[in-house]
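[1] sharing a sequence plus its predicted fold:
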Amino acid sequence: MALLETRGLTAHYGDFQALFGVDMTLAKGECVAIIGANGAGKTSLLRSLSGVLQQQPGMVVLDDHPIGALAADDIVALGISMVPEGRRLFPSLSVEENLLIGAYRSRGNGTWDLDAVYGLFPILKERRNSPGNALSGGQQQMVAIGRALMSNPRVLLCDELSLGLAPVIIRDIYKALPEIRKGGASVILVEQDIGQALKVADRVYCMMEGKVTLEGTPADLSRDAIHKAYFGVAA
Ligand SMILES: Nc1ncnc2c1ncn2[C@@H]1O[C@H](COP(=O)(O)OP(=O)(O)OP(=O)(O)O)[C@@H](O)[C@H]1O
Ligand SMILES: [Mg+2]
């Protein structure tokens, strides 16, 4: 049985429709990557899963419970937490204060607390009193991940972790992924970097124009099939 599932998920911004009947599943323990070009609907999908965009109840199902109509706060309390596109730290708050905000709707007694997050990203402990806006992009991304972990999520949603970061920093960020999975979170990653997605995910979904165009394990998917699903034309 899927831990998290969408069933014919649609999403709108006013009159504009961003998602057209998306069906996806995430099993417990799995890491699923969502790839697709700019505007494909990846962030809209994560916003729907996290309650930022609200839907009909049965369009998002967690552990067999319809959660599509719940607000973001309630969804965090149920165990779905998001690392948003662009990190979105509170710039004047310290690293530690930013992390503690993530514990606000914590499910308690899980792997993650301040010490565990500092163990995952030791540089954050050194910089614990620095304001968010004094950090490098990579450090900000670590705080954004740590903040999401502080609620001890069952499902961690990550939107473009590597965006705007140097390759060596991206490598450092992705080094944390096995530890995060060991801590009990199943993971949905949105990635523009297809190579990165194929390297770390158990399964991949490709989206185009608000629909899933391809789904499979990295070993199943040929370069040509991905290219066609990503751009709509053969390579
Ligand atoms: N707040 C909004 N208001 C109106 N339209 C929006 C809004 N956010 C996204 N859209 C539109 O919805 C569609 C899907 O956008 P979305 O951000 O989900 O794509 P994405 O795959 O995350 O793209 P990117 O790779 O650029 O982050 C796009 O056509 C986009 O212009
Ligand atoms: Mg996006």
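    Nice, I can see it. Everything quoted here is computed from the prediction, not taken from an experiment. Ligands and ions are numbered 1, 2, ... in the order given.

[2] I figured Pro131 hits Glu96, correct?
    No: Pro131 is beyond contact range of Glu96, at 10.7 Å (criterion: CB atoms under 8 Å). (Each C-beta comes from the backbone N, C-alpha and C, glycine too.)

[3] comparing those two, which shows the higher neighbour count?
    Remark: of Pro131 and Glu96, Glu96 carries more neighbours, 19 against 16, as counted by other CB atoms under 10 Å.

[4] what's in contact with the helix or strand hosting that one?
    In the assignment (DSSP states H and E), Glu96 maps to helix 95-102. By CB atoms under 8 Å, 6 or more residues apart in numbering, the residues outside helix 95-102 that reach it are 81, 89-90, 93, 114, 117, 124, 127-130, 132, 135, 139, 143, 146-151.

[5] and the next element down the chain from it?
    Following helix 95-102 toward the C-terminus (DSSP H and E): helix 114-120.

[6] which elements pack onto that following helix?
    helix 95-102, helix 122-126, helix 137-149 (3 or more CB pairs under 8 Å, 6 or more residues apart in numbering; DSSP states H and E).

[7] hmm, back to that, buried sites along the helix holding Glu96?
    Within helix 95-102, the residues that count as buried by 16 or more other CB atoms under 10 Å are Val95, Glu96, Asn98, Leu99, Leu100, Gly102.

[8] before we move on, what about stretch 187-207?
    Under 16+ other CB under 10 Å, the buried positions of stretch 187-207 are 187-191, 193-194, 196-198, 200-207.

[9] can you check stretch 104-117 too?
    Arg105, Ser106, Arg107, Gly110, Trp112, Asp113, Leu114, Ala116, Val117.

[10] same question for stretch 64-71.
    Ile67, Gly68, Leu70.

[11] nearest residue to the first one other than its sequence neighbours?
    By the measure of CB to CB, 6 or more residues apart in numbering, the closest residue to Ile67 outside its immediate chain neighbours is Val60, 5.3 Å from it.

[12] quick one: residues contacting the one you found.
    Leu4, Glu5, Thr6, Arg7, Leu9, Ser48, Leu49, Pro66, Ile67, Gly68.

[13] rewinding a little: going through the contacts of helix 95-102, which ones are buried?
    The buried subset of the contacts of helix 95-102 - by 16+ other CB under 10 Å - is 81, 89, 93, 114, 117, 124, 127, 132, 135, 139, 143, 146-151.

[14] from those, list the ones also adjacent to ligand 1.
    With the criterion set as CB under 6 Å from any ligand atom, no member of the buried ones among the contacts of helix 95-102 is near ligand 1.

[15] list the contacts for Ala77?
    Arg105, Arg107.

[16] ok, it to ligand 1 distance?
    25 Å (CB to the nearest ligand atom, to the nearest Å).

[17] Gly232 touches Met208, doesn't it?
    Yes: judged on CB under 8 Å, Gly232 makes contact with Met208 at a distance of 5.8 Å.

[18] what about the two, which has more around it?
    Between Gly232 and Met208, counted using other CB under 10 Å, the more crowded position is Met208 (19 against 11).

[19] what's the closest non-adjacent residue to the more buried one?
    Closest to Met208 by CB to CB, 6+ apart is Ala40, at 5.4 Å.

[20] do the same with Glu215
    Tyr205 (5.0 Å).

[21] would you mind listing what in the chain touches ligand 2?
    Lys42, Thr43 (CB under 5 Å from the ion).

[22] how about the nearest residue in space to Gly8 that is not next to it in sequence, phi and psi?
    Once flanking residues are discounted, Gly8 sits nearest to Gly21: 4.7 Å by CB to CB, 6+ apart. Main-chain dihedrals, Gly21, degrees, to the nearest 10: phi 70, psi 60.

[23] great, nothing more from me.
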